[in-house]
Each structure stands twice: as C-alpha cells, then as structure tokens.
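A.B. asks: what's the 3D shape of this:
(one chain, ligands or ions: 2)
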Amino acid sequence: MTALIPSQKLTANQTISALSTQANPPVSEAEMQAAVRTLLLGMGGDPDREGLRDTPKRVVKALKFLTSGYQQSLDELLNGAVFSENANEMVLVRDIDLFSSCEHHILPIIGRAHVAYIPNGKVIGLSKIARICEMYGRRLQVQERLTAQIADALQGLLQPQGVAVVVEATHMCMVMRGVQKPGSWTVTSSMQGIFADDAKTRHEFMNLIRHSPSFH
Ligand SMILES: Nc1nc2c(ncn2[C@@H]2O[C@H](COP(=O)(O)OP(=O)(O)OP(=O)(O)O)[C@@H](O)[C@H]2O)c(=O)[nH]1
Ligand SMILES: [Zn+2]
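C.D. replies: Ligands and ions are numbered 1, 2, ... in the order given. Model prediction:
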C-alpha cells in the first residue's frame, strides 16, 4: 500500500465547472484523429503502415469510451430506481470493479470500490451503485475526486444517515512508467454523515470490507 489519502471534497460548483467543459468537446473527430497521428509520428511509428493505419480511429474511439462518463448524468443512469423503504441498517456493495483514467497521464487506474450507506427512508437499486462508480470512473480522474464524487452522488440522491466509500486502486502511471512501483496501490475514502461522526459505524464498515465472503 502506498498511501492512505483522505478524500478531497470538491464543492458542487467546482465539480460542475470541471465537468461542463468536457460535455461538448469543441473539436471534431477528424481533429482528434489527426492529433493521434501526430502522436504516432512523435513516437517514431509510421502511421501509414498497415497495422497503424486505423490506429488514430481506434484510439479516438477508445478514448471516447473511456471518458463517456462526461456524457452521462445521474438522472439518466438512475432510471427512477430510488424506492421508499423503511430500512435503517447498513447497505454495502463490495468489490465493485473500477476502471478509470488518471488525468495527469491518461493511463489506467484499476481497482475496486466498496460503497455503503445507511438509509433514511429511501433505498437505491443496487446495480445503480455500480453504475454511479462507472460513470465517474469513465472520466479523467484523480482517485480522491473519484471517491468523493461517488459518495456525494449517493448523499445527494438519498439523503441517507451516512455514506462510506473506499476505493483501492493501482495507477499504471506509477507502475509502467515514472517511479515504476508494481504492487503499489492506493486507498482513498470518503466518509459522510454517521460514518464520519460515529467511530463504531465506521469500524463496522471497515470490518465488513475486510471479511471474506462465504461463497468465494
Ligand atoms: N493525488 C493523486 N496523485 C495522482 C493520481 N494519479 C496520478 N497522480 C500523481 O500525479 C503526480 C504528477 O506529478 P508530476 O511531477 O507533475 O508528473 P510526472 O513527472 O509524470 O511525475 P512522476 O509520476 O513522479 O514521474 C504524480 O506524483 C502521480 O503519481 C491520483 O489519483 N491522485
Ligand atoms: Zn497518472
């Protein structure tokens, strides 16, 4: 483990302004492909050889997919799946595979998220928790912001008693290049409401994300 970094809180306005610039990119597909062709030339490749000829198109398609979370909204992915329910015990979805792209190097962040909340009259469709992780994962990120955005989304949608999110991830920019530390991974957390205020509740969550499920 390389670090235990408490989540960085962004205000709603900071989040919105950081994202709204991305929603409608002011460049065409052709301009993006031309930029990739330039990168290939810079890397010493011959962009006209058979294997690379379609690479600009493929790279642009891949990058658009990996950042498609900018085109999504919570409303759309939720599809109304918030239900009134008298539950007041912890709901935890563990081990959600998470892929993102680091905003400094546009290299993969690969990891898992554990997301819990304690309802306060409303519950959310379980799959939507994973979809929220995917939406924020498919943006250019730092792990701290990704973690906080997942927690903020649930807090805003459900006004629960509390939300806890832990993300454990390895950064290819630290593995394949730069400091080259394979095996290092980073843990970030965002604790809100009762998870921030009550150590017992927080410890219960931390214990639950460590326990091995009986079906594995
Ligand atoms: N806090 C945080 N830092 C990150 C994340 N992803 C990448 N970084 C770091 O961002 C920093 C960028 O540092 P720079 O010195 O500008 O870039 P660099 O020369 O490529 O740095 P090195 O990776 O040390 O070679 C590096 O320390 C990365 O490890 C993240 O999710 N959160
Ligand atoms: Zn990076």
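A.B. asks: and the contacts of the helix or strand in which residue 196 is found?
C.D. replies: Using DSSP states H and E, residue 196 sits in helix 194-197. Identification of contacts with helix 194-197 by CB atoms under 8 Å, 6 or more residues apart in numbering yields 116, 118, 161-164, 201-202, 205. Just so you know, the C-beta spots here come from the backbone N, C-alpha and C atoms, and that holds for glycine as well.
A.B. asks: from these, which ones fall inside strands?
C.D. replies: 116, 118, 162-164 (DSSP state E).
A.B. asks: the residue nearest the centre of the chain: what's it in contact with?
C.D. replies: Nearest to the mean C-alpha position of the chain, counting by CA atoms, centre = their mean, stands residue 137 at 2.9 Å. Counting by CB under 8 Å, 6+ apart, residue 137 makes contact with 69, 98-100, 109, 146.
A.B. asks: kindly report the same for residue 206.
C.D. replies: So residue 206 contacts residue 166 (CB under 8 Å, 6+ apart).
A.B. asks: tell me the spacing between it and residue 195.
C.D. replies: Per CB to CB, to the nearest Å, residue 206 is found 10 Å from residue 195.
A.B. asks: among the contacts of residue 137, which one sits closest to residue 175?
C.D. replies: Nearest to residue 175, judged by CB to CB, of the contacts of residue 137 is residue 109 at 10.5 Å.
A.B. asks: run through the bridge partners of the closest one.
C.D. replies: residue 100, residue 171 (DSSP bridges).
A.B. asks: quick one: neighbours of it, just the number.
C.D. replies: 23 (other CB atoms under 10 Å).
A.B. asks: that one and residue 66 touch, don't they?
C.D. replies: No. Taking contacts as CB atoms under 8 Å, residue 109 lies outside contact range of residue 66: 10.7 Å.
A.B. asks: which neighbours do the two share?
C.D. replies: With CB under 8 Å, 6+ apart, residue 109 and residue 66 have common neighbours 99, 101.
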